[in-house]
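> sequence first, predicted model second:
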Amino acid sequence: MPAPARKFLSFALLATLLCALLGPSHAEDPPPLVLERTIPLAGVSGRIDHMAIDLPRKRLLVAELGNNTVDAVDLAAGKAIHRIGGLREPQGIGYAPQADVIAVANAGDGSVRLFRGADFSPLRTITLGDDADNVRLDARTGALVVGYGDGGLAVVDPARGSVASRVKLPAHPEGFQLDRLSRRAFVNVPDARQIAVVDLGAGTQAATWRVPGVSANFPMALDDTGTVLATVFRHPSRLVLLDTASGAVRAEVETCGDADDVFFDTGRRRIYVSCGEGMVDVLRQEASGYRRLSRIRTASGARTSLFVPELDRLFVAARAGFFGLGTDAAILVLRPEP
């Protein structure tokens, strides 16, 4: 069979399998997430890490750590339109719309490389020191905040291509969120078994929160009101909701294993947790707290995701060969229902 025919057959079979796994079992009872489309990432091998959105251009930016590349996916066209190469284990990625700058954080050399959003041309390279990781946009200031090294946050001015300030932490930061109203950052620091509360204005850690009985806190989300923090622990697998005023635990819910991303879907009163176990947990808020609404199968190792409320879509990154069919890596585009 010619190679193009084999590739077409693989994707046809893949689509059939995914529809069987993600599609509704009954027409009158659709699942809370439905596979809308699969966007292939040709020639991408190894682990895929974080994603970001260039909303004005409707481009999904995908950090392909194992491939040392970043892909820009045109969501309207449903295909990758540009690849940035020559990176060193890109982990975190962010887009600063005011400056129109893409920032790529590289674990391999501790750098943050800046690119022009319009044409992907390189701008500057910022050296942080070691293991540059998650990137978050400070919507209030337009700055980018990057977690890195043995314990630090760097506030980066994307227009000038420089580090504006740094905050010391007790160990390497994983998932973190920024509260635009209080100018605080909530940071998962799993090796120190804590959640650090950082005063970005003062450049210091203002508080330390610990949750007994759980460890390995990686993904984190902050609700739209800034009053509830969702943190997912891997040992054991638990979603923990905390009050951002005090750090008090509001609720705990069992989740899928190897979680790497978590998001609030405020309009539907849901939380989405994507896991390397090969599924997305959908939790719904009720009078008595959160309960699991559904467990949506995706693909083994597909733990990275991005929920974009403005597009009302959850994007899940799947590695190459994720169904053992020789398929390309892909972005699974999931549409929330109803």
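Now that the structure is in, tell me what you want to look at.

> please name the nearest non-neighbouring residue to Gly175.
Among residues not flanking Gly175 along the chain, Met220 sits closest, at 3.9 Å (C-beta to C-beta, 6 or more residues apart in numbering). Using the backbone N, CA and C atoms, a C-beta is placed for each residue, glycine as well.

> again, but for Leu314
Leu334 (4.3 Å).

> what's the burial count for that neighbour?
As a burial measure, Leu334 scores 26 neighbours (other C-beta atoms under 10 Å).

> what helices or strands is the helix or strand hosting it leaning on?
Leu334 is part of strand 329-336 when elements are defined by DSSP states H and E. Here strand 329-336 touches helix 3-22, strand 33-41, strand 59-64, strand 313-318, going by 3 or more C-beta pairs under 8 Å, 6 or more residues apart in numbering; DSSP states H and E.

> thinking again about what came up before, model confidence over the host helix or strand of the residue nearest to Gly175, on average?
Using DSSP H and E, Met220 sits in strand 215-222. The pLDDT scores in strand 215-222 average 98.

> now the element after it, going C-ward?
Downstream of strand 215-222 (by DSSP H and E), the next one is strand 228-235.

> gap between that following strand and the chain center?
14 Å (C-alpha atoms, centre = their mean, to the nearest Å).

> how about stretch 30-50?
With C-alpha atoms, centre = their mean, you get 13 Å for stretch 30-50.

> care to break the chain down by domain?
1-46+211-338, 48-170 (automatic domain parsing).

> point out the most buried one among the ones you listed.
Across these, averaging neighbours per residue (mean count of other C-beta atoms under 10 Å) puts domain 48-170 on top, at a mean of 20.

> would you list the strands that the helix or strand harbouring Leu293 pairs with, along with their directions?
Using DSSP H and E, Leu293 maps to strand 289-297. Sheet pairing for strand 289-297, assigned by DSSP bridges, gives strand 279-286 (antiparallel).

> all strands of the stretch 151-300 of the chain, in order?
Along the stretch 151-300 of the chain, counting by DSSP state E, counting those that start in this stretch, strands occupy 152-157, 162-168, 176-179, 184-189, 194-199, 204-209, 215-222, 228-235, 237-243, 249-254, 259-265, 270-275, 279-286, 289-297.

> who wins for proximity to Ser45 among the ones you listed?
Ser45 sits nearest to strand 259-265 of all the strands of the stretch 151-300 of the chain, at 18.8 Å, using C-beta to C-beta.

> tell me the helices and strands packed up against that closest one.
strand 215-222, strand 228-235, strand 237-243, strand 270-275, strand 305-308.

> wait, His235 sits on Gly213?
No - if you go by C-beta atoms under 8 Å, His235 and Gly213 don't touch, sitting 9.7 Å apart.

> about what we covered before: can I get the strands of the stretch 151-300 of the chain in CSV with distance to Ala63?
CSV is the format used below for those (distance: least, C-beta to C-beta, whole Å):
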stretch, distance to Ala63
strand 152-157, 16
strand 162-168, 20
strand 176-179, 16
strand 184-189, 18
strand 194-199, 23
strand 204-209, 27
strand 215-222, 15
strand 228-235, 20
strand 237-243, 24
strand 249-254, 28
strand 259-265, 12
strand 270-275, 15
strand 279-286, 19
strand 289-297, 23
